[in-house]
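Colleague: starting from these lines, generate the structure:
(2 chains, ligands or ions: 4)
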Amino acid sequence: MSDVKKLAEKLMALDDQMVACMKCGMCQAVCPVFAETMQEADVTRGKIALLEKLAHEMIKDADQVNEKLNRCLLCGSCEANCPSGVKIMDIFIKARVIVTEYKGLSATKKLIFKGLLTRPKLFNLLTDVSAKFQGPFASVADKSAGTASCAMLNPLLGERHFMPLTKKPFRKDYPSLDSPRGISGLKVAFFPGCVVDKMFPHVGHAAIKVLEHHGVGIFLPKGQACCGIPTLASGDQDSFIVLMKQNIKAFEDGNFDYLVTPCATCTATIKETWIKMIEDEDPIFIEKVSDLADKTMDITQFLIDVVGISVPAKSKEGGKVVTYHDPCHLAKSLGVTAQPRALLKKNDKYEFKEMNEANRCCGCGGSFNLYHYDLSKSIGERKADNVRAVGAEVVTTSCPACMMQLGDMLSQSGGGIEVQHVLEIYADSIEK
Amino acid sequence: MGAEKLIKDFEAIVGSGGVLSSESDRHAYSYDSAVLDPALPAFVVKPNNTEQLGPITKLCNQHGLPLTVRGAGTNLSGGTIPHPGGIVVLTNGLNKIIEINEEDLYAVVEPGVVTAQFAAEVAKRGLFYPPDPGSQAVSTLGGNVAENAGGLRGLKYGVTKDYVMGMDFFDVNGDLIKSGSRTVKCVTGYNLAGLMVASEGTLGVFSNIIFKLVPPPKAQKAMMAVFDNIDKASETVAAIIANHIVPCTLELLDHVTIKYVEAFTKAGLPTEAQAILLIEVDGHPAEVADDAQKIVDICNKIGATSVKAAETAEEREALWFARRNALPALARARPTTVLEDATVPRSQIPAMIRGLNKIADKYKLSIGTFGHAGDGNLHPTILCDNRDKQEFHRVEEAVNEIFDVALSLKGTLSGEHGIGMAKSKWMIKETNQATLDYSLRMKKAIDPKGILNPGKIIEAS
Ligand SMILES: Cc1cc2nc3c(=O)[nH]c(=O)nc-3n(C[C@H](O)[C@H](O)[C@H](O)COP(=O)(O)OP(=O)(O)OC[C@H]3O[C@@H](n4cnc5c(N)ncnc54)[C@H](O)[C@@H]3O)c2cc1C
Ligand code: SF4
Ligand code: SF4
Ligand code: SF4
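Modeller: Ligands and ions are numbered 1, 2, ... in the order given. Okay, the predicted model is just below:
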């Protein structure tokens, strides 16, 4: 049997989910990639049609389909708006896994995922070393956004204004924690995520400050790994499961009510994606994953819905203008939109103003940004325009990946606008 | 001539990025929203400006190459399924609004402008473009004209054709043909722009279109009337019209539809109801209040179990959101959704609904019916799985019978979705041989080589 035939057979497993797409075309209205290219193969309907045809062996060139499939941010905008309820993200992620099994992982990805990401100790060491060496070569691009640019890294990063790796990652200050329940009577496990650890440790510090202020006990175990979404989005299910197992093990012995994260992407991955990828695992493990998923919550949602922070109906007028970008993984996958905005209104020094298209994807999409930088940039520029149009001095969000993208876009288009996590603004309103 | 030479010729017109010819791109333009088999084009051409449409058409004609224009590809009758080996011309990049004239109440647009974006721009200037097909968030104005798309407001405001004042289009020689004008009245020659309406890409390639605009109504009121019996709902529709009230919208949703729409939209629809009518009146505030009261009285008299008016803008929006999603929400029930478009004189709606229920029983099919009850345009929607050969055969039989019933009630095959490939073979049933011959002679004269969207409307294969 030819390989393509095998590939087709595997894809047929998705057929029942794919036929649900009635080709109504309504996804054209919301897909950010389609808005840039206006090509049918770049919109959900087109990608599903191509996968169907590959499954039914009507298309021979699997590489082409794979290429189109990867021109997708996995932002979930289409799924949130699909009136036929097609489980688009499941289809796309599973299809990426199937196609990657058939094609094999590229050498670079193999090195990064299997050699590095799944070995957190080595990964940490390497990023620490790089952080030390990037200093002399990178120059500050925009102070407000906190970005840098680096001529030496241009071949890899292009003209990006990237967020430099921090000299002192979050885990150096907080290698582990296990504090008792305070006045709230609650205890959470804290999952900072890689980007907070390595680029935005101050977001992690803000989270700790806020949790302590509200008397919430914190369990922060050693041995946390990446949530795995970069590996899965690249079709590497094996590494994804390795990472999931490391995390399950790390949190296994904690006694906590919720697991909170300051990263929209991590929250959505732990809460929704982990459980979908482990059909073949043993039932005890599945139960552990599902228990943790039930407990997982975005930290702003936890603060408002569980801790019960009361918020004013309106933000005070006349302060520094702050606006909010809805991360796709929070707004579209989990439906969390009110809570981060509520927290922003707590800080008297700021006036909250809603920007246009706040819930439109910023265009980052993880590795999409690496492989399709031009597309990612034009999507991001629309976001930057919206931030400027509302007159914001600070743009906030609740996803560190979005912070990276916002920083790059704003700094390239002139700078002068701060990029912060919602928690930082809220933490700033709390007296020590 | 080899495909490569041809591609070069087209690239000379639209630039090298403007021709898509990879296997996957060809497959991506092989289908539309109709439940029909796809067909592969030879390649796809994407012009950057409307002038390029002329040379593209001319080149196709020179080579006898079938040409199918595609807007958003949301038509439900196979109008954009290409002729195998022909080319697809994309208009979605031709999306400039050229002029919105607030003094003389018209607008000039390129054919690829998205309907809802146009309506929003017009609204920003304090004016109103009423046609609102359910697909308006993505459909193009060129596609709307080519299908003569209708919408929820058809009853009072009419359909797309009622707003086309003029149009430039290209003939098969690539020459620009002009028809109509920016004036309200114009009888300069044949109404060629009118001929283009509902032509589904078979008579010319539209360039700029002139649309009429109207002042927006000053007030509106939306209501929902709930019925425990669908006959009562249909009688209410007939009674409202018979009382000379013309709501802007008068929509019917049957039990099956209500159930699925509510599951998706959570708009607060009564899932136990057998039918609901969504009614909106608009116009001068005093008239609106008066009409609304009369409608409430009629609903109660005929036996609605409840009549509720939307008090806030959000409540009103929720009702229409629910209605707009009727079709796609039904699509959640089963893998395949066959949406029909049978239309009858509105007094015949009760008879049509009875007919549909009989057909559903006879062929053991689940049919959800909703639609523009006010203008007799119903959308019986058959929920099925076209991979199940036996079931799909029953669907085909049922569709045949739906048309028979509609025609026997002096109705029509299609109220708004067009004939395309889907209904071509039934044309003869509604018209006659002479009508088809007349149309074919006209087509032959305009398009001797038959390159413009062959196989559609009158050319049943
Ligand atoms: C969810 C959903 C809801 C819908 N609701 C409605 C509704 O309420 N009312 C309604 O009437 N229809 C409705 N439709 C059908 C469809 O949306 C309409 O027919 C619409 O007008 C098609 O527009 P389009 O841009 O997608 O055209 P396409 O599907 O791309 O094309 C339609 C036809 O127009 C021709 N065409 C397009 N542009 C040109 C041009 N520039 N020159 C010459 N020919 C051209 C094409 O060749 C084709 O024959 C619905 C469809 C869906 C999927
Ligand atoms: S909106 Fe959903 S059903 Fe419609 S074409 Fe897109 S994916 Fe398919
Ligand atoms: S996930 Fe986002 S980018 Fe991908 S197809 Fe859907 S809307 Fe487009
Ligand atoms: S970084 Fe945030 S907004 Fe950007 S793609 Fe990811 S989730 Fe969407």
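Colleague: the bottom helix or strand of chain A by mean pLDDT?
Modeller: Ranking every helix and strand in chain A by mean pLDDT, DSSP states H and E puts helix A:154-157 at the bottom, with a mean of 45.
Colleague: ok, now which ones touch A:C263?
Modeller: For A:C263, the contact set (C-beta atoms under 8 Å, 6 or more residues apart in numbering or on different chains) comprises A:191-193, A:195-196, A:227, A:398-401. Every C-beta, even on glycine, is put in place using the N, C-alpha and C of the backbone.
Colleague: could you measure the nearest residue to B:P130 once chain neighbours are set aside against ligand 4, distance?
Modeller: Excluding its sequence neighbours, the residue lying closest to B:P130 (C-beta to C-beta, 6 or more residues apart in numbering or on different chains) is B:Y157, at 3.8 Å. For B:Y157, the distance to ligand 4 equals 39 Å [C-beta to the nearest ligand atom, to the nearest Å].
Colleague: returning to what we had before: can you put the contacts of A:C263 in CSV and add distance to A:C266?
Modeller: Below are those laid out as CSV (distance: C-beta to C-beta, whole Å):
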residue, distance to A:C266
A:F191, 6
A:P192, 8
A:G193, 4
A:V195, 9
A:V196, 9
A:C227, 4
A:S398, 11
A:C399, 9
A:P400, 9
A:A401, 9
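Colleague: for the residues you listed, which one is nearest chain B?
Modeller: Closest approach to chain B among the contacts of A:C263 (C-beta to the nearest C-beta): A:S398, at 25.2 Å.
Colleague: list the contacts of that closest one.
Modeller: By C-beta under 8 Å, 6+ apart, the contact set of A:S398 is A:262-264, A:298-300, A:327, A:330, A:340, A:421-423.
Colleague: can you check B:P82 too?
Modeller: By C-beta under 8 Å, 6+ apart, the contact list for B:P82 reads B:29-30, B:39-41, B:66, B:68, B:88.
Colleague: just those residues that are near chain A?
Modeller: Applying C-beta under 8 Å from any C-beta of the partner chain to the contacts of B:P82, one finds that B:29-30 fall near chain A.
Colleague: make a PyMOL selection of the buried ones in the contacts of B:P82.
Modeller: Buried residues within the contacts of B:P82, by 16 or more other C-beta atoms under 10 Å in any protein chain shown, are selected in PyMOL with:
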select buried, chain B and resi 29+30+39+40+41+66+68+88
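Colleague: mind giving me JSON lines with the contacts of B:P82 and columns for pLDDT, distance to ligand 1 and secondary structure?
Modeller: Formatted as JSON lines, the contacts of B:P82 follow (pLDDT from 0 to 100; distance: C-beta to the nearest ligand atom, whole Å; DSSP: H, G, I helix; E, B strand; the rest coil):
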{"residue": "B:Y29", "pLDDT": "98", "distance to ligand 1": "10", "secondary structure": "coil"}
{"residue": "B:S30", "pLDDT": "98", "distance to ligand 1": "13", "secondary structure": "coil"}
{"residue": "B:A39", "pLDDT": "97", "distance to ligand 1": "13", "secondary structure": "coil"}
{"residue": "B:L40", "pLDDT": "97", "distance to ligand 1": "17", "secondary structure": "coil"}
{"residue": "B:P41", "pLDDT": "98", "distance to ligand 1": "12", "secondary structure": "coil"}
{"residue": "B:P66", "pLDDT": "98", "distance to ligand 1": "11", "secondary structure": "coil"}
{"residue": "B:T68", "pLDDT": "98", "distance to ligand 1": "5", "secondary structure": "strand"}
{"residue": "B:V88", "pLDDT": "98", "distance to ligand 1": "9", "secondary structure": "strand"}
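Colleague: next helix or strand past the least confident helix or strand of chain A?
Modeller: Going down the chain from helix A:154-157, the next helix or strand is helix A:170-173, by DSSP states H and E.
Colleague: just checking, what packs against that next one?
Modeller: Applying 3 or more C-beta pairs under 8 Å, 6 or more residues apart in numbering or on different chains; DSSP states H and E, we find helix A:170-173 packed against helix A:194-198, helix A:201-213.
Colleague: ok, now with 10 Å
Modeller: Packing partners of helix A:170-173 (3 or more C-beta pairs under 10 Å, 6 or more residues apart in numbering or on different chains; DSSP states H and E): helix A:120-137, helix A:194-198, helix A:201-213.
Colleague: in that helix, which residues are buried?
Modeller: Buried residues in helix A:170-173, counting neighbours by 16+ other C-beta under 10 Å, are found at A:170-171.
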